[in-house]
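A.B. asks: please find the sequence and the predicted model below.
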Amino acid sequence: MLHYAVVFFVIALVAALFGFGGIAAGAVEIAKILFFVFLVVAAVTLVLGLVSH
């Protein structure tokens with residue numbers, strides 16, 4: 001999931017470079033959402049891993 005966040009961030013950078021503001025803004029929003037979902041899943045996995053031992 002972190003991979004997809006990085007991919008959308010790169011897409012946003014390329015779109016911004018060529019002047020496509022709407023596409024860049026959309027890609028940045030998707031990257032942010034995926035990054036925060038990744039953080040939540042990583043935190044839950046960490047907590048479950050600590051509790052199970």
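C.D. replies: Now that the structure is in, tell me what you want to look at. Just so it is clear, the model here is predicted, and its values are computed rather than measured. Numbers count the residues shown, from 1 in each chain.

A.B. asks: going by C-alpha atoms from here, please, whenever you check contacts or count neighbours.
C.D. replies: Fine.

A.B. asks: for the helix ranked longest in the chain, which residues meet the burial criterion?
C.D. replies: Using DSSP state H to define each element, the chain has its longest helix at helix 21-52. By neighbour count on 16 or more other Cα atoms under 10 Å, the buried set for helix 21-52 is 23, 24, 25, 27, 28, 29, 30, 31, 32, 34, 35, 38.

A.B. asks: do I have it right that the second one meets residue 16?
C.D. replies: Yes. Contact status for residue 24 versus residue 16: in contact at 5.5 Å, counting by Cα atoms under 8 Å.

A.B. asks: residue 5: how many residues sit nearby?
C.D. replies: Each residue near residue 5 was counted by other Cα atoms under 10 Å, and the total is 22.

A.B. asks: before we move on, what about the one 5 residues further on?
C.D. replies: The criterion is other Cα under 10 Å. On that basis, residue 10 has 16 neighbouring residues.

A.B. asks: make a markdown table from the buried residues of helix 21-52 and add pLDDT and distance to residue 46 to it.
C.D. replies: Compiled in a markdown table, those are given as follows (pLDDT from 0 to 100; distance: Cα to Cα, whole Å):
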| residue | pLDDT | distance to residue 46 |
| --- | --- | --- |
| 23 | 77 | 34 |
| 24 | 77 | 33 |
| 25 | 82 | 32 |
| 27 | 82 | 28 |
| 28 | 84 | 27 |
| 29 | 86 | 26 |
| 30 | 86 | 24 |
| 31 | 84 | 22 |
| 32 | 88 | 21 |
| 34 | 87 | 18 |
| 35 | 87 | 16 |
| 38 | 89 | 12 |
